[in-house]
Each structure stands twice: as structure tokens, then as C-alpha cells.
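S.K.: After the sequence you'll find the predicted model.
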Amino acid sequence: DIEKFDFLPEPRVEGFKAFVSIMEGCSKYCSFCVVPYTRGEEVSRPLDDVLAEIAGLAEKGVREISLLGQNVNGYRGETFEGEICTFPELLRLVAEIPGIGRLRYTTSHPLEFSDDLIQCYRDLPQMVSHLHLPVQSGSNDVLQAMKRNHTIDVYIDKIAKLRKVRPDMHLSSDFIIGFPGETDEHFAETLQFIKDLDFDHSYSFVYSKRPGTPASDLPDSTPDQVKKDRLAQVQEVIKQSSIHKTDAMLGKVERVLIEKVSDKDPNVLVGTADNTRLVTFIGDATWIGRFAEIEITEIKTLNLVYGELLNLEPDVA
């Protein structure tokens with residue numbers, strides 16, 4: 001039922017970035033999730049509507065597009081001719097739109113993180129070297145109880161393929177800690193999995209029962225304090241990994257979207273790297289809205305680095 005897209009709000013625009021909804025709902029029915037019941041089954045927005053909206057945003061100066069959906073890489077949009085466009089095909093079409101210099105998307109599902117999608121990272125420079133791919137747990141037993149319908153090895157294999165074409169890929173994920181039935185052994189598997197894959201960031205939470213979901217009926221005997229302690233361990237491991245990745249930026253060259261003049265110094269510009277870190281450097285306000293190659297010269301905080309301009313790209317419009 002694509003009529004629901006007739007009443008979409010205007011896409012959210014933040015400076016030179018815009019967030020475009022391309023699908024609604026989810027058909028995965030994970031045991032902990034209410035989305036299929038509250039948002040319905042997956043419905044993809046017609047391809048031509050998506051492309052027209054993005055082209056219009058590009059004409060208004062938007063340079064970075066984030067494609068949105070509860071299961072965004074499950075996109076199957078109908079074309080004007082009645083054919084079906086897959087998510088990788090959509091990415092390639094968006095990358096051809098004049099003015100669009102950077103592409104992101106969220107939220108994706110491992111089951112539909114296909115080889116065709118991985119090849120987009122090989123072929124399209126607009127694709128950022130940052131991926132949010134929720135996994136929820138590093139234990140196969142827990143994944144089965146969650147009805148995620150894939151194993152840890154499947155996830156690891158997909159990330160290995162991705163990092164083969166993009167060695168500098170930064171990875172973030174979602175983790176539900178203390179899911180009903182999660183044992184100390186299950187948690188240890190999750191913690192080791194997180195260390196092995198070297199996640200840069202996570203949205204991690206203690207499991208919270210959602211009425212009406214299958215998981216809400218599962219017995220849960222793990223004390224709340226144990227769950228909180230496990231969550232703290234996960235967050236600390238990922239924090240240390242993130243610190244390490246930020247420190248590793250020193251001396252490297254990052255492609256940065258220049259977004260504004262610094263609030264503290266009118267001679268300093270602020271932009272965002274592929275990996276979402278804020279990058280500041282001396283420059284001219286007329287450069288705002290363009291991409292630049294910046295050599296990182298100083299690490300200030302976990303999410304803030306300083307650099308020097310190496311190359312200012314021509315405006316991509």
C-alpha cells in the first residue's frame with residue numbers, strides 16, 4: 001500500500017545533509033520487536049518519487065543523503081514501468097544525481113546485506129566508509145531466540161567481504177544485553193565477538209520487554225544488576241575501540257564535508273568525515289558546502305580532530 005507515501009512529511013534537512021525515507025515497516029518479525037505490529041509489513045516507496053525528491057534536494061544545495069527505513073536494504077521500489085528496483089540498484093542511481101557527493105543509510109539488516117550491496121562500496125566513491133549494521137548479540141543461541149534468522153558466522157563473513165573492498169570501514173551496531181535466557185557463556189561470546197569485529201560505535205541497551213511480542217513471554221531469570229554490569233562491559237570495550245580508531249586518524253587524509261564556520265573562531269571551518277568525526281581546520285567561509293581532503297594533525301577528543309587542507313574539491317553540483 002504505497003498510498004502512505006502520499007502523506008510523507010518534508011525530508012529532514014540539516015544544512016547540507018538530508019534524510020530521505022524510502023520505505024516503511026518491517027517483515028522480519030524478530031521476537032523482541034514491535035515494528036511489524038505497529039508499522040506493518042515492508043512497503044517500498046516508488047523509485048521515481050525517491051529519485052525526484054533527492055534530485056530536488058541536490059538542486060537546493062544538499063550534498064549528503066541518508067536513506068531511511070526500518071529495513072532499508074530490503075528496499076524493493078517499483079519503477080514507472082512496473083519493474084522492481086533493488087536497494088543496490090537504487091544506490092547506483094542516486095550516486096548519478098549531480099550534486100550528491102556522499103551516501104549513507106540506516107537501518108539495515110544482515111540478511112539483506114548482499115554481495116551486490118558490497119560491490120556498491122567498491123564502485124561508488126559516494127558511499128561512506130561507515131556502516132551501521134545491527135546484530136543484537138554475538139551468541140548464536142541468543143540470535144535464534146531473537147528470531148534473527150542468521151548466524152554469527154554469516155555476519156562475520158559479510159563484514160569480511162566488506163572490509164576487503166573497504167579496508168578502512170568503520171562499523172557500528174545495535175546490541176541487546178540481557179535478552180531472556182542469556183547466560184554468562186552467551187554474554188562472553190558476545191563480548192569476544194565485539195572485540196573481534198572491532199566495532200567503532202554501538203547503540204546498546206539492557207533488554208526491555210515489549211508487550212505483544214513473542215519475547216515478552218520468555219522466562220527471564222537474570223538479575224537486573226547482572227544485565228547492567230554486562231552492558232557496562234560492552235560499552236567500555238566499544239569505547240576503547242572507538243578511542244583507538246580516532247587516534248589512528250592522526251596523519252591520515254580524510255574526505256570532509258565542510259558544513260559551517262566554527263563558533264569559536266571565524267577563521268576555522270567545521271566538517272564531518274566519513275566516519276562521523278568532526279574535523280576542524282583553517283579555511284574560508286566560501287568553501288562551505290564543498291568536500292575537502294584534510295590531513296589530520298591533532299586528536300582533540302573522541303569525536304573531534306584538527307587538520308590541514310590538502311585539496312578543496314570542485315563543487316559537485
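M.R.: It's in. Numbers count the residues shown, from 1 in each chain.
S.K.: Show me where the stretch 201-317 of the chain has its helices.
M.R.: 224-247 (DSSP state H, counting those that start in this stretch).
S.K.: now the strands for it?
M.R.: Using DSSP state E, counting those that start in this stretch, the strands of the stretch 201-317 of the chain run over residues 201-206, 253-261, 268-273, 278-282, 291-301, 304-312.
S.K.: would CSV of those strands with mean neighbour count and mean pLDDT be doable?
M.R.: (Glycine included, C-beta is placed from N, CA and C.) What follows is these, written out as CSV (neighbours: other CB atoms under 10 Å; pLDDT from 0 to 100):
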stretch, mean neighbour count, mean pLDDT
strand 201-206, 17, 96
strand 253-261, 20, 98
strand 268-273, 21, 98
strand 278-282, 19, 98
strand 291-301, 17, 98
strand 304-312, 16, 98
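S.K.: Using TSV, lay out those together with distance to residue 240.
M.R.: Output for the strands of the stretch 201-317 of the chain, formatted as TSV (distance: least, CB to CB, whole Å):
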stretch	distance to residue 240
strand 201-206	12
strand 253-261	21
strand 268-273	20
strand 278-282	20
strand 291-301	15
strand 304-312	18
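S.K.: Go through those strands and name the closest to residue 235.
M.R.: strand 201-206 (6.0 Å; CB to CB).
S.K.: could you say what helices and strands the closest one packs with?
M.R.: strand 170-177, helix 224-247 (3 or more CB pairs under 8 Å, 6 or more residues apart in numbering; DSSP states H and E).
S.K.: Tell me how far it lies from the chain's centre.
M.R.: 13 Å (CA atoms, centre = their mean, to the nearest Å).
S.K.: can you state the direction angle for that strand and strand 170-177?
M.R.: Relative orientation of strand 201-206 versus strand 170-177 (axes from the mean of the first three to the mean of the last three CA atoms, to 10 degrees): 0 degrees.
S.K.: Neighbouring strands - and their directions - for strand 201-206?
M.R.: According to DSSP bridges, strand 201-206 forms sheet pairs with strand 170-177 (parallel).
S.K.: The strand it pairs with: what's the following helix or strand?
M.R.: helix 184-197 (DSSP states H and E).
S.K.: Name the residues of that following helix that come out as buried.
M.R.: Neighbour-count burial for helix 184-197, counted by 16 or more other CB atoms under 10 Å, picks out 186, 187, 189, 190, 191, 193, 194, 197.
S.K.: And the first one, what's its pLDDT?
M.R.: In other words, residue 186. Each residue has a pLDDT score; the one for residue 186 is 98.
S.K.: Excluding residues flanking it in the chain, which one is nearest it?
M.R.: Nearest residue to residue 186, sequence neighbours excluded (CB to CB, 6 or more residues apart in numbering): residue 139, at 3.9 Å.
S.K.: gap between that neighbour and residue 202?
M.R.: Noted for residue 139: a distance of 16 Å to residue 202, by CB to CB, to the nearest Å.
S.K.: sorry, back to before: between the buried residues of helix 184-197, which sits nearest residue 129?
M.R.: Using CB to CB, residue 197 comes nearest to residue 129 of the buried residues of helix 184-197, at 15.3 Å.
S.K.: Who are the contact partners of the closest one?
M.R.: 156, 159, 171 (CB atoms under 8 Å, 6 or more residues apart in numbering).
S.K.: Phi and psi next, for the first one.
M.R.: Just to be clear, that refers to residue 156. For residue 156, the backbone dihedrals are phi -60, psi -40 (criterion: degrees, to the nearest 10).
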